[in-house]
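**Student:** what follows is a predicted structure for the sequence shown.
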Amino acid sequence: MISSCVFPVAGYGTRFLPATKSVPKELLPVVNKPLLQYSVEEALSAGMAKMGFVTGRGKQAIEDYFDCNYELEHQLQGTSKEALLDETRDVIEAGQYSFIRQRQMKGLGHAILSAEPLVKEGAFGVILPDDLCHNPAGDGVMTQLAEVYRRYGKSVVAIEPVPMERVSRFGVIAGESIEDNLLQITDMVEKPSVEEAPSNLAIIGRYILTPDIFEILRRTQPGKGGEIQITDALLEQAKQGNVLALKFAGRRFDCGNVHGFVEATNYFYQNVYCAEETKKQVRSA
Ligand code: G1P
């Protein structure tokens, strides 16, 4: 039902220098797959096939990644290594990939507003690739949000409880429970101090936004850090009772810093990569 997903990927990735001097941080591998591909796969499995990337200077490698590499394919054709490209080829074929440049870094709200020409039809998803999510028990987080949207037709954000001393890293919500694990948001604050935080429920980088968000974003004034914040625009929808928050099933890793990235790498190596290798061995035995 929701066909488009936006990926803000214009950030510099300074926490990963020197690696990010010439490689976009979104293409750094978690085991053997770029961080961004996990996000794209999550969108595809939620039925979203129109990917809109908000890129910036120095991010051309992302466009190349989601395109054919004829030379490489030709080199590997007919060899035992050909299958190594299958997974990525399937992802490329399953989606349509569009790119738009965010010329100035004016915050997440501004990045999402920049994506407007890419998402003309109705509600859309937003995935921040830094937040890498995995749900071994079932649907990915974007599928879980889409299911809530299907029933309520309102904007939906994914949330998780965090220790109080970490609330200042997130958008933080207050809400009233309307179902198990589902709240209607009554307040939200971008990166509050412990004293300002309305709860310890943090927004993580998964959103479904109804399209009126664009018009709101156009008049949203710079907020925290002098940037146009999606949290502030969503608060306007929330005041009308139009934003829900889902305590999602699964795990989230903050790949925006080295510690979280290494944690994700260890987890995916053990729980995804090795598990798949074992399955392949069993199949070929
Ligand atoms: C952004 C949002 C914040 C949200 C976070 C999730 O912050 O502004 O509300 O909690 O993503 O990762 P950023 O991490 O880009 O500073």
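**Tutor:** It's in. As the structure is a prediction and not an experimental result, all values here were calculated from the model.

**Student:** make it CA atoms for all contacts and neighbour counts henceforth
**Tutor:** Will do.

**Student:** what about stretch 25-39, how long is it end to end?
**Tutor:** By CA to CA, to the nearest Å, the extent of stretch 25-39 from end to end equals 13 Å.

**Student:** write out the residues of the stretch 151-285 of the chain neighbouring the ligand.
**Tutor:** 170-171, 190, 202-205, 231 (CA under 6 Å from any ligand atom).

**Student:** for Ser98, state which of those residues is nearest.
**Tutor:** Gly205 (20.1 Å; CA to CA).

**Student:** so that closest one: helix, strand or coil?
**Tutor:** Three-state call for Gly205 (DSSP: H, G, I helix; E, B strand; the rest coil): strand.

**Student:** with Ile228 instead?
**Tutor:** coil.

**Student:** list the contacts of it.
**Tutor:** Ile228 sits next to 106-110, 217, 220-222 when contact means CA atoms under 8 Å, 6 or more residues apart in numbering.

**Student:** mind doing that once more with 6 Å?
**Tutor:** Taking CA atoms under 6 Å, 6 or more residues apart in numbering, we find Ile228 in contact with 107, 109-110, 222.

**Student:** mind listing which of the residues you listed are in helices?
**Tutor:** Assigned to helices by DSSP state H, the following of those qualify: 109-110.

**Student:** just send the contacts of Ile228 back as TSV, with pLDDT too.
**Tutor:** Shown next, in TSV, are the contacts of Ile228 (pLDDT from 0 to 100):
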residue	pLDDT
Gly107	94
Gly109	97
His110	97
Pro222	95
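
**Student:** give me the buried entries from the contacts of Ile228.
**Tutor:** Buried residues within the contacts of Ile228, counting neighbours by 16 or more other CA atoms under 10 Å: 107, 109-110.

**Student:** from those, which are also near the ligand?
**Tutor:** Answer for the buried ones among the contacts of Ile228 near the ligand: none qualify (CA under 6 Å from any ligand atom).

**Student:** distance-wise, check Met1 relative to Glu176.
**Tutor:** Distance of Met1 to Glu176, computed by CA to CA: 27 Å.

**Student:** can you list the low-confidence ranges for the protein?
**Tutor:** In the predicted model, the chain carries no residue with pLDDT under 70.
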